[in-house]
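Asker: when you get a sec, could you give me coordinates for this:
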Amino acid sequence: MTATTAALVVVAPPSYAASVFLVNSGVTSVTLDTELLASVGLSLTGADNTVPAADRFLVGFNITPETNFTFSNANGFTLLGGAIAHEGSVTFNDALTVGNFSIGFDQTRVTENASGLFVRDTLDTEAILFDVVTPSELAFEEAEEILFLEAELLISDEFAEFLGNTDLAGGVVGAARTEAMTSAIPEPSTILGTFLAGGLLSAVRRRTKLK
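Answerer: Below is the predicted model of the structure:
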């Protein structure tokens with residue numbers, strides 16, 4: 001098990017009662033290294049159905065009701081499953097449009113640098129475009145039930161192959177910040193205990209930032 005994996009996995013249930021939360025709205029803001037993309041022939045030429053982004057970010061995408069991303073507040077944050085769905089798209093070279101992005105998790109994508117979270121284009125290609133680095137900020141504001149997640153984005157193997165340059169895989173191409181409203185959902189205690197014992201993804205924190 002890599003150091004990254006070890007830092008992100010819950011191996012035992014907490015001693016206190018935990019709740020399960022569902023992401024139901026919010027915005028994911030994205031910024032991209034436009035110079036890097038230009039070096040491989042991609043120029044950002046448009047955006048559609050987007051919203052204002054957080055400070056330091058380029059463009060924002062609304063989280064949509066199709067989202068089924070759930071987590072527990074056990075040990076601060078424990079990912080249970082699902083994906084965060086978005087609407088909106090960006091276009092490169094007036095020809096390639098990607099969007100309606102989905103943020104999901106795949107244990108097999110965990111590496112020394114990648115958390116296992118990934119960003120998929122669901123508008124057209126269905127390809128995974130970016131892997132997500134272990135978050136620099138991962139916090140759950142329990143009083144207001146707001147989830148904050150910020151991390152750098154890596155060019156995925158799939159996107160690098162599409163660009164015709166596999167050497168680009170794993171390179172930092174930007175960053176994303178999700179600020180999501182959540183709501184507690186009923187969850188049978190036996191099911192919750194099973195999830196927590198298995199532990200898909202966690203960061204032992206409430207509101208302090210990971211550095």
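Asker: name the nearest residue to the residue nearest in space to the middle of the chain, sequence neighbours excluded.
Answerer: Nearest residue to the geometric centre of the chain (C-alpha atoms, centre = their mean): Ile103, 4.6 Å. The shortest distance from Ile103 to any residue other than its chain neighbours is 4.3 Å, reached at Ile84 (C-beta to C-beta, 6 or more residues apart in numbering). No exception for glycine: its C-beta is placed from N, CA and C like everyone else's.
Asker: repeat that for Phe21.
Answerer: Nearest-residue entry for Phe21: Thr182, 4.2 Å, with adjacent residues in sequence omitted and distances by C-beta to C-beta, 6+ apart.
Asker: ok, back up a step: enumerate every residue touching the residue nearest to the centre of the chain.
Answerer: If a contact means C-beta atoms under 8 Å, 6 or more residues apart in numbering, then Ile103 has Thr28, Phe69, Ala83, Ile84, His86, Leu117, Phe118, Val119, Arg120, Val132, Ala176, Thr178 as its contacts.
Asker: so Gly81 bridges to which residues?
Answerer: With DSSP bridges as the criterion, the beta-bridge partners of Gly81 are Thr70.
Asker: where does pLDDT dip in this protein?
Answerer: Residues of the chain meeting the criterion pLDDT under 70: 1-17, 187-211.
Asker: is it true that Gln107 touches Leu117?
Answerer: No: the pair formed by Gln107 and Leu117 falls short of the contact definition of C-beta atoms under 8 Å, at 10.7 Å.
Asker: what about the nearest residue to Thr108 once chain neighbours are set aside, how many residues nearby?
Answerer: In space, and not counting its chain neighbours, Thr108 is closest to Gly116: 7.9 Å by C-beta to C-beta, 6+ apart. The tally of other residues near Gly116 (other C-beta atoms under 10 Å) stands at 22.
Asker: separation between Gly116 and Leu58?
Answerer: Taking C-beta to C-beta, to the nearest Å as the measure, Gly116 falls 25 Å from Leu58.
Asker: also Gly76?
Answerer: Distance check for Gly76 against Leu58: by C-beta to C-beta, it reads 29 Å.
Asker: for Leu32, same thing?
Answerer: From Leu32 over to Leu58 the distance is 6 Å, taken as C-beta to C-beta.
Asker: neighbour count winner among the two?
Answerer: Higher neighbour count among Leu32 and Leu58: Leu32, with 20 against 16, using other C-beta under 10 Å.
Asker: close enough to count as contact, the more buried one and Ala47?
Answerer: No: applying C-beta under 8 Å as the test, Leu32 and Ala47 come out as separate, 11.1 Å apart.
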